[in-house]
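*Asks:* quick one: sequence and predicted model below, then my questions.
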Amino acid sequence: MEKGLVSVDRWTEGSQAYFLTHLHSDHTQGLSSTWSRAPIFCSRITAKLFPFKFPDFNLSLLRVVDVGFWYSLSLVFPSSASRTTVEFMPIHAHHCPGAVMFLFRGDFGWMLYTGDFRWEANSERAQLGRTTLLNALKGHRLDVLHLDNTYCNPSYDFPPRSVAAQQVVDIIVSHPEHDIIIGIDTLGKEELLLRISRLLKTKIWVWPERLQTMHLLGFHHIFTTKTTLTRIRAVPRYSFSIDTLEELNKKCPTIGIMPSGVPWLMKPSDGADNLFGSLLTSHYKKRQGSTSGRLQNGKFKDNIKPVDGRHRYIYSVPYSDHSCYAELQEFIELVQPISMKGIVSSSCCYVDPVYYFGRLCGGSKPLERLSDKQEKEDGSERVVAPEMKSCLVSAKSTNTDRKRKTGKGGSTGIHALRRVRRGAKIIQNDFSADSLES
DNA sequence: GCGATCAGCT
DNA sequence: CACAGCTGATCGC
C-alpha cells in the first residue's frame, strides 16, 4: 500500500487514517493524550480501555469498528491526488482484550496487518477467526502480510494456552499451603486468571488499577483488592523478582508463577544463577536444538518444576499471547501471502519471516486452499456479515457517551510487594464498565 | 512544571 | 536470548 494512506500502530505524521490493533505500550509509542492528527480506528474493547491509558484523550477521535464487518474509507493518493477507496475489516487477534488484526483491500490489492496475535488452530474461537478471515478473503491471496514475528524461530515451541493454563492450575493445586503470586502486565492473561478462579473456586487479588481494568472488561466478583480473601495474587510483572519472593517467604510460604516467561525451556538442571541475568545467554545457546522440555503427552514436563533449584519458589509456565513458530507457519500456509514483512523490528534479533517462511510466499503458484472445501461444507459463513458499514474518515464522531463516576482507586491495605502502589496515577476519567456498551 | 524521549531494570 | 512495561533522568518548551 502506498505511503500516506493509512498507518497501523504507527503514530508519525503523514497518514490519513490511523489504526490501533491493541493497547500494549509498544504499539502506542508516539500516541498520547494530546493526539489530534486524525481519527483512530480500533475495536470496541480497545476504545473502552482507551481513556484509562490516555486520560485526557479527545474521545471524539476514536472510531469503533466491529470484528467481521467491512468498512469503507475514501482517501487520497498523496502521489497523484486522486481519490481511492480503502476497505478494511477487523478480525480477532486472540492476543489480549480488544486486540484485532486489520485486513485491507483496495487499488493496492489485499493486505493484512496482524498486530500481535495468537493462532491456536484447535480452539473453537480460533476456528471462528479462521472462518472470518477466509470468508473475507473470498479466495484472494494476500499481496502483503505484516506478521507478528515475535517468535518467528523454530526454537519457539510452546503449547496452546489451555495446556499452559492447566499447568498453572496444577502448580497451585500442588501447593495447597502456599500463597501464590502470578506476574502479569497491565493488559492480557485475563483468561488464565478466570480459569484459575473458576477451577479453584477462588477470587484473585489484583492491584487497584488492575481491578478497574477488570471491571471495565466486565469481570465482576472474580477479582478483589483485599488480600484476606484469597491466597492467589496477580501482581505486576515488574514487581515480581527473586528478592520479592524471598521477602514474602519470610512471612508466609509463597511461590511465584511466571506465565509469560521467555525462558520456557529453562531447566532446573542448568543451574542458572538467576532468572534474568547474564547467564541467560548460555541458556539460550544451550537450548538451541534441544528437545528437552518439549511437549510430551500434552505436557511440558520439564516445566512443572521451579525453573531453578536455587530459586525454588519460581515456576515458569509457557503461557504466551503470541503465536509460536508452528502456528505462524500454519497461518502463513492459510493466507498464502505473495510478500511478507515482520512487524517486530525494534530488537536487534529481528527475524525476517521471509527467512523461514519465504518458500510459502510468492506469486507463481495459483491459490488453492485445502480448507476451502471444508469451509463451504461447514456452512459457517454466517460469521461474516455481508453488509458494508460505511465510515468516511472526515465523518461524525463515535457516540461514546461519557459517564463519569466518582472513581476511587479501590481498597488499600497492600503488603510487602515493592512498588506496587508507586506510580499509581489518579485516573480522572473513570468509565463505568457499561458506558461504551451497545 | 509538563510532556516526550531514552536508559535501565525486571 | 528477549516480552512488555515500569521508573527515573534528561531535554525542550
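*Replies:* It's in.
*Asks:* the stretch 201-350 of chain A against DNA strand B: which residues are in contact?
*Replies:* Near DNA strand B, the residues belonging to the stretch 201-350 of chain A are A:237, A:238, A:240, A:241, A:276 when assessed by C-beta under 7 Å from any atom of the strand. The way it works is simple: take the backbone N, C-alpha and C, and place the C-beta from them, glycine included.
*Asks:* among these, the buried ones, what's the ChimeraX command?
*Replies:* Under the burial definition 16 or more other C-beta atoms under 10 Å, those of these that qualify are selected in ChimeraX by:
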select /A:237,240,241
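*Asks:* list just the nearest of the residues of the stretch 201-350 of chain A next to DNA strand B to DNA strand B.
*Replies:* Each of these was scored against DNA strand B by C-beta to the nearest atom of the strand, and residue A:241 proved nearest at 3.6 Å.
*Asks:* tell me which stretches of the stretch 101-250 of chain A form strands.
*Replies:* Chain-ordered strands for the stretch 101-250 of chain A, with DSSP state E, counting those that start in this stretch as the definition, fall at A:109-113, A:144-147, A:179-184, A:204-205, A:223-224, A:232-236.
*Asks:* make JSON lines out of the residues of the stretch 201-350 of chain A next to DNA strand B and add pLDDT.
*Replies:* Putting these into JSON lines (pLDDT from 0 to 100) gives the following:
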{"residue": "A:237", "pLDDT": "87"}
{"residue": "A:238", "pLDDT": "83"}
{"residue": "A:240", "pLDDT": "83"}
{"residue": "A:241", "pLDDT": "82"}
{"residue": "A:276", "pLDDT": "32"}
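*Asks:* coming back round to it: among the strands of the stretch 101-250 of chain A, which comes closest to DNA strand C?
*Replies:* Within the strands of the stretch 101-250 of chain A, the stretch nearest DNA strand C is strand A:232-236; the backing value is 5.7 Å (C-beta to the nearest atom of the strand).
*Asks:* does that closest one come close to DNA strand C?
*Replies:* Yes - on the criterion C-beta under 7 Å from any atom of the strand, strand A:232-236 is in touch with DNA strand C at residue A:236.
*Asks:* okay, now residue A:226: neighbour count?
*Replies:* Other residues within reach of residue A:226 by the criterion other C-beta atoms under 10 Å amount to 12.
*Asks:* pretty sure it contacts residue A:205?
*Replies:* Yes - A contact is recorded between residue A:226 and residue A:205 when judged using C-beta atoms under 8 Å, the distance being 7.3 Å.
*Asks:* so, low pLDDT: which residues of the stretch 201-350 of chain A?
*Replies:* Judged by pLDDT under 70, the stretch 201-350 of chain A has its weakly predicted residues at A:261-311, A:345-350.
*Asks:* and the helices in it?
*Replies:* Taking DSSP state H, counting those that start in this stretch as the criterion, the stretch 201-350 of chain A contains helices spanning A:208-216, A:242-251, A:280-287, A:325-335.
*Asks:* closest to DNA strand C out of the ones you listed?
*Replies:* By C-beta to the nearest atom of the strand (comparing all of those), the closest turns out to be helix A:280-287, at 3.2 Å.
*Asks:* tell me the contacts of residue A:331?
*Replies:* The neighbours of residue A:331, taking C-beta atoms under 8 Å, 6 or more residues apart in numbering as the test, are A:119, A:147, A:323.
*Asks:* can you get me a residue count around the last one?
*Replies:* Look at residue A:323: counted by other C-beta under 10 Å, it has 29 neighbours.
*Asks:* and if you look at the second one?
*Replies:* The tally of other residues near residue A:147 (other C-beta under 10 Å) stands at 27.
*Asks:* so what's it bridging to?
*Replies:* Legend: beta-bridge partners of residue A:147 under DSSP bridges are residue A:342.
*Asks:* hmm, it is touching residue A:116, no?
*Replies:* No - taking C-beta under 8 Å as the contact criterion, residue A:147 and residue A:116 are not neighbours in contact, 10.4 Å apart.
*Asks:* using CSV, list the CA coordinates for the longest strand along chain A.
*Replies:* Counting residues, the longest strand found in chain A (DSSP state E) is strand A:83-92. In CSV, the C-alpha atoms belonging to strand A:83-92 read as follows (Å, rounded to 0.1, in the frame of the first residue of the first chain):
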residue,chain,number,x,y,z
ARG,A,83,-9.3,9.7,-4.7
THR,A,84,-9.3,6.0,-3.8
THR,A,85,-11.4,3.7,-1.7
VAL,A,86,-9.8,1.6,1.0
GLU,A,87,-11.9,-1.1,2.7
PHE,A,88,-10.9,-2.8,5.9
MET,A,89,-12.2,-5.5,8.2
PRO,A,90,-11.1,-6.0,11.9
ILE,A,91,-10.5,-9.7,12.8
HIS,A,92,-10.0,-11.2,16.2
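*Asks:* so which bits of that strand are buried?
*Replies:* Buried residues in strand A:83-92, counted by 16+ other C-beta under 10 Å: A:86, A:88, A:89, A:90, A:91, A:92.
*Asks:* cool, stretch A:153-162 as well?
*Replies:* Across stretch A:153-162, burial judged by 16+ other C-beta under 10 Å covers A:153, A:156, A:157, A:158, A:159, A:160, A:161.
*Asks:* again, but for stretch A:138-156
*Replies:* Across stretch A:138-156, burial judged by 16+ other C-beta under 10 Å covers A:141-153, A:156.
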